[in-house]
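Chemist: This is a predicted model, with the sequence first.
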Amino acid sequence: MLLIVHIIFAVICLPMMIGATILKYINSLDKAQFLAKYSTYSLIGLLITGTILVISFKANLVGTCYAGLTYSAFFAVSFLTYKKLSHSKITKN
């Protein structure tokens, strides 16, 4: 059950952040903030469920950490793009 929740978090986290970035780019700020907030919550849930899965099933720690870091790096790139768009729109006005 926990693995299914973990997979659901993984499947919705990045697309929501990318969607928030696209919405921010086309000036739909309220929807973009909504998606970014829930994408961040999804990432937190993903990291917590992943940690619980590693501890409970004694998974290969090195491989699991690499996978988690890779996923977090993809999220960080999309989040920084979202923040950069937000910052550049503020400085233009």
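Modeler: Done, it's in.

Chemist: Tell me how many other residues crowd Met17.
Modeler: Each residue near Met17 was counted by other CB atoms under 10 Å, and the total is 25. Where C-beta positions appear, they are placed from N, C-alpha and C, glycine not excepted.

Chemist: what's the nearest residue to Ile18 if we skip its chain neighbours?
Modeler: Nearest residue to Ile18, sequence neighbours excluded (CB to CB, 6 or more residues apart in numbering): Ser78, at 5.4 Å.

Chemist: what sits against that neighbour?
Modeler: Residues near Ser78 by CB atoms under 8 Å, 6 or more residues apart in numbering: 14, 17-18, 21.

Chemist: which of those are buried?
Modeler: 14, 17-18, 21 (16 or more other CB atoms under 10 Å).

Chemist: Just the pLDDT for Val5.
Modeler: pLDDT recorded at Val5 is 90.

Chemist: And the next helix or strand past the helix or strand it falls within?
Modeler: Using DSSP states H and E, Val5 falls within helix 2-25. Sequence-wise, the next helix or strand downstream of helix 2-25 (DSSP H and E) is helix 29-57.

Chemist: For that next one, list every residue counted as buried.
Modeler: Buried-residue list, helix 29-57, by 16+ other CB under 10 Å: 32, 35-36, 39-40, 42-43, 45-47, 49-50, 53.

Chemist: average pLDDT for the single longest helix found in the chain?
Modeler: If you go by DSSP state H, the chain has its longest helix at helix 61-92. Helix 61-92 carries an average pLDDT of 78.

Chemist: buried ones in it?
Modeler: Within helix 61-92, the residues that count as buried by 16+ other CB under 10 Å are 71, 75, 78-79, 81-82, 85-86.

Chemist: Now these in a markdown table, please, with extra columns for distance to Asn60.
Modeler: Listed next are the buried residues of helix 61-92 as a markdown table, based on distance: CB to CB, whole Å:
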| residue | distance to Asn60 |
| --- | --- |
| Tyr71 | 16 |
| Phe75 | 22 |
| Ser78 | 27 |
| Phe79 | 28 |
| Thr81 | 31 |
| Tyr82 | 32 |
| Leu85 | 37 |
| Ser86 | 38 |
